[in-house]
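Engineer: need a structure here:
(chains A and B)
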There are 2 protein chains.
Amino acid sequence: MQLFFRLFPCLVFGTLSAMATDSATLRAELVQTETAFCELARTAGIPAAFAQFAAPDAVFFDIDPQEHRGAEAVKLRFEGADPRAILSWKPVAADVAASGELGYTWGTYEYRAPGADGKERVGKGHYVSIWKRQPDGNWKFVLDTGNPSPPAKK
Amino acid sequence: MQLFFRLFPCLVFGTLSAMATDSATLRAELVQTETAFCELARTAGIPAAFAQFAAPDAVFFDIDPQEHRGAEAVKLRFEGADPRAILSWKPVAADVAASGELGYTWGTYEYRAPGADGKERVGKGHYVSIWKRQPDGNWKFVLDTGNPSPPAKK
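Structural biologist: I've put the predicted structure just below:
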């Protein structure tokens, strides 16, 4: 029994220290999740990807006057999008809390879709996604927001 | 010495349990910080408030094509604003990681400033702030973004 008490602090410190030093691994996990999210948007379509990666209580907002709350509402938000549209994005930075269940990524996105004249239109902007680890261990976003930049002047 | 090993697990478990159950207190801390931030914007001006609450490595973006990185750049972003402008905001939700050093708030804001005709213009939108506890224990934002909603149709 005494051995247990001698080992216990090492186990606890070992765990705490692993939590503290593992931030690079945690950040890499988020970037990987984001890459999978973006890849799914390309292969399965934007609404399906948002439905897959939204936490049940997720919120999404952009320039709509009202935010979209809940995974279903987030999916619906994108169902009006042109099915030929391609939304792609890349994180510039990622960070995760030491406790490993809350993190965020931000970066830039590009939205490409044919305009009324058939010519491709390109919209760009910034986004931020806040991620929470779900009970099954997977990351899903609890908040996602995109900020469109005005078109560059010619 | 044996007493130490007997007490140690209790201390550690006590601390971990306090960390886990204290999420309401942590969320309240963030809301309090946000209230102080908003109050400072009213009394000291928008650039001073952003300078005060931005972490050294903070990033800010809205519809500008380029993000603003670093506390000084964030402050500069707001220095062009009308000094008579009033920016006010209120969190709808807040969450903090179990480790207590990373959290976020999101909500709605209102921007009031006189237009060229002297009449007041009101802009509304959503924001999200991601907060990180600094070495001195205070919360500062590491990311802040505002999403203007289009004016309501009349």
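
Engineer: how about the residues of chain A near chain B?
Structural biologist: Proximity of chain A to chain B (CB under 8 Å from any CB of the partner chain) is limited to residues A:2, A:5-6, A:8-9, A:12, A:19, A:59, A:61-65, A:67, A:92-93, A:95-99, A:101-104, A:106, A:124-126, A:128, A:130, A:132, A:142-143, A:145, A:147-150, A:152. Quick note: C-beta positions are derived from backbone N, CA and C, even for glycine.

Engineer: So which of the residues you listed sit within strands?
Structural biologist: If you go by DSSP state E, those have A:59, A:61, A:92-93, A:95-96, A:102-104, A:106, A:124-126, A:128, A:130, A:132, A:142-143, A:145, A:147-148 in strands.

Engineer: hang on, the earlier thing: for ChimeraX, write a command that selects the buried ones of the residues of chain A next to chain B.
Structural biologist: Selection of buried members from those for ChimeraX, criterion 16 or more other CB atoms under 10 Å in any protein chain shown:
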select /A:12,59,61,62,63,67,93,95,96,97,98,99,101,102,103,104,106,124,125,126,128,130,132,142,143,145,147,148,149
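
Engineer: in chain A, which ranges drop under the pLDDT threshold?
Structural biologist: Within chain A, the stretches with pLDDT under 70 are A:1-21, A:152-154.

Engineer: Show me the residue at the heart of it, geometrically.
Structural biologist: A:S129 (4.3 Å; CA atoms, centre = their mean).

Engineer: wait, A:F141 sits on A:A58?
Structural biologist: Yes. Assessed by CB atoms under 8 Å, A:F141 is found in contact with A:A58 at 5.8 Å.

Engineer: quick one: the helices in chain A?
Structural biologist: For chain A, the helices defined by DSSP state H cover A:2-21, A:23-44, A:46-53, A:71-79.

Engineer: Which other helices and strands does the longest one contact?
Structural biologist: Helices and strands touching helix A:23-44, by 3 or more CB pairs under 8 Å, 6 or more residues apart in numbering or on different chains; DSSP states H and E, are helix A:46-53, strand A:86-96, strand A:102-114, strand A:120-133, strand A:139-148.

Engineer: Could you work out which of those reaches nearest to A:G80?
Structural biologist: With CB to CB, the closest approach to A:G80 among the helices and strands packed on helix A:23-44 belongs to helix A:46-53: 9.1 Å.

Engineer: quick one, what contacts the residue nearest to the centre of chain A?
Structural biologist: When contacts are counted by CB atoms under 8 Å, 6 or more residues apart in numbering or on different chains, A:S129 touches A:34, A:104-106, A:141, A:143-144.

Engineer: Go again with 7 Å.
Structural biologist: By CB atoms under 7 Å, 6 or more residues apart in numbering or on different chains, the contact set of A:S129 is A:34, A:104-105, A:141, A:144.

Engineer: bridging residues for it?
Structural biologist: Using DSSP bridges, the bridge partners assigned to A:S129 are A:T105, A:D144.
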